[in-house]
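Engineer: Structural data only, the sequence is not supplied:
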């Protein structure tokens, strides 16, 4: 399995009408856009830069992993958490308005082999939901958060034939009680590969489990970005090959290359 080197430079700007913007959980919004050019070419794990509405054009764009893409309908779906002024402005955009997007950006996931484990912590579910929907291979999605209210992706949107879904919360308020690492350690034997996205501490624990089990893993990293195309170097992370740019060299990296201070 090789990362797709051809997807890194094929991005473009597109003016995208907003089809729907709705609250899925307090502080979380699901935005559906008409984005035919990006929807045709985006791969799971890639992201887009979303520019602010025109009256706030002086603000930097915000990066978002793609949650869903429908090439036939030319539609793209994003899931955002309101964390600051920029995301608050995007959460207020109404259907019928338009947003400028740049993408698809970065390198996505390789194709999962059968019986892969997809491990999502919190908003790490976004790229993994897209990955799970894009492959027909049998596998398991482990979806974890601190508490039930933070499992913001509706279960019906994740379901597909051949995919087992295991929800878990640290406090036991929904699904199994335990962390992503707890659930992964009980299921790692026989896994075809592991694909993970979530908080850094979670990824460090996942890396240790995969190393001990001899299972190949890929991580989608979450870092602050400015330009999104590798020019500003603001999202550089330490790897075994030196500092790499998450926006251009990633966001998906082989787990053994990423230095997580574990």
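Structural biologist: In hand now; what should we look at? Keep in mind that what you see is a predicted model, and the values were worked out from it rather than measured.
Engineer: quick one: contacts for residue 101?
Structural biologist: 13-14, 16, 33, 35, 38, 48-51, 76 (CB atoms under 8 Å, 6 or more residues apart in numbering). All C-beta atoms are positioned from the backbone trio N, CA, C, and that covers glycine.
Engineer: Give me the subset of those residues lying in strands.
Structural biologist: Members of the contacts of residue 101 lying in strands (criterion: DSSP state E): 13-14, 16, 33, 48-50, 76.
Engineer: Mind giving me the ChimeraX select for those, buried ones only?
Structural biologist: Here is the ChimeraX command that selects the buried residues among these (16 or more other CB atoms under 10 Å):
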select :14,16,33,48,49,50,76
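Engineer: which of the ones in strands among the contacts of residue 101 lies closest to residue 213?
Structural biologist: Nearest to residue 213 among those, counting by CB to CB, is residue 48 at 34.0 Å.
Engineer: Run through the bridge partners of the closest one.
Structural biologist: Counting by DSSP bridges, residue 48 forms beta bridges with residue 64.
Engineer: That one and residue 100 touch, don't they?
Structural biologist: No: Residue 48 is not in contact with residue 100 according to CB atoms under 8 Å; the separation is 10.1 Å.
Engineer: Dump the ones in strands among the contacts of residue 101 into CSV; add pLDDT and distance to residue 219 as well.
Structural biologist: Shown next, in CSV, are the ones in strands among the contacts of residue 101 (pLDDT from 0 to 100; distance: CB to CB, whole Å):
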residue, pLDDT, distance to residue 219
13, 91, 28
14, 92, 28
16, 97, 28
33, 98, 27
48, 96, 20
49, 95, 21
50, 95, 23
76, 97, 23
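Engineer: do you know how far residue 218 is from residue 160?
Structural biologist: Distance, residue 218 to residue 160, by CB to CB, to the nearest Å: 20 Å.
Engineer: So the two - more neighbours on which side?
Structural biologist: Between residue 218 and residue 160, residue 218 has the larger neighbour count (other CB atoms under 10 Å), namely 27 against 14.
Engineer: ok, now which ones touch that one?
Structural biologist: Residue 218 makes contacts with 109-110, 193-196, 252-255, as judged by CB under 8 Å, 6+ apart.
Engineer: all strands of the stretch 51-200 of the chain, in order?
Structural biologist: 62-70, 75-81, 98-105, 116-121, 139-145, 163-169, 176-177, 194-197 (DSSP state E, counting those that start in this stretch).
Engineer: Count the neighbours of residue 82 for me.
Structural biologist: Residue 82: 17 surrounding residues under other CB under 10 Å.
Engineer: Let the chain start at 21 from now.
Structural biologist: In the new count, where the first residue is 21, that last one comes out as residue 102.
Engineer: Return the backbone torsion pair for it.
Structural biologist: Backbone torsions of residue 102, given as degrees, to the nearest 10, read phi -80, psi 110.
Engineer: how about it, what does it touch?
Structural biologist: 47-49, 108, 111.
Engineer: ok, 10 Å please
Structural biologist: 43, 46-49, 108-112 (CB atoms under 10 Å, 6 or more residues apart in numbering).
Engineer: One more: residue 81?
Structural biologist: Residue 81 makes contact with 68-72, 106, 119-122, 245-248, according to CB under 10 Å, 6+ apart.
Engineer: Could you rerun that using 8 Å?
Structural biologist: Residue 81 sits next to 69-72, 122, 248 when contact means CB under 8 Å, 6+ apart.
Engineer: Same check on residue 100?
Structural biologist: Applying CB under 8 Å, 6+ apart, the residues near residue 100 are 48-49, 51, 82, 84, 107, 110-111.
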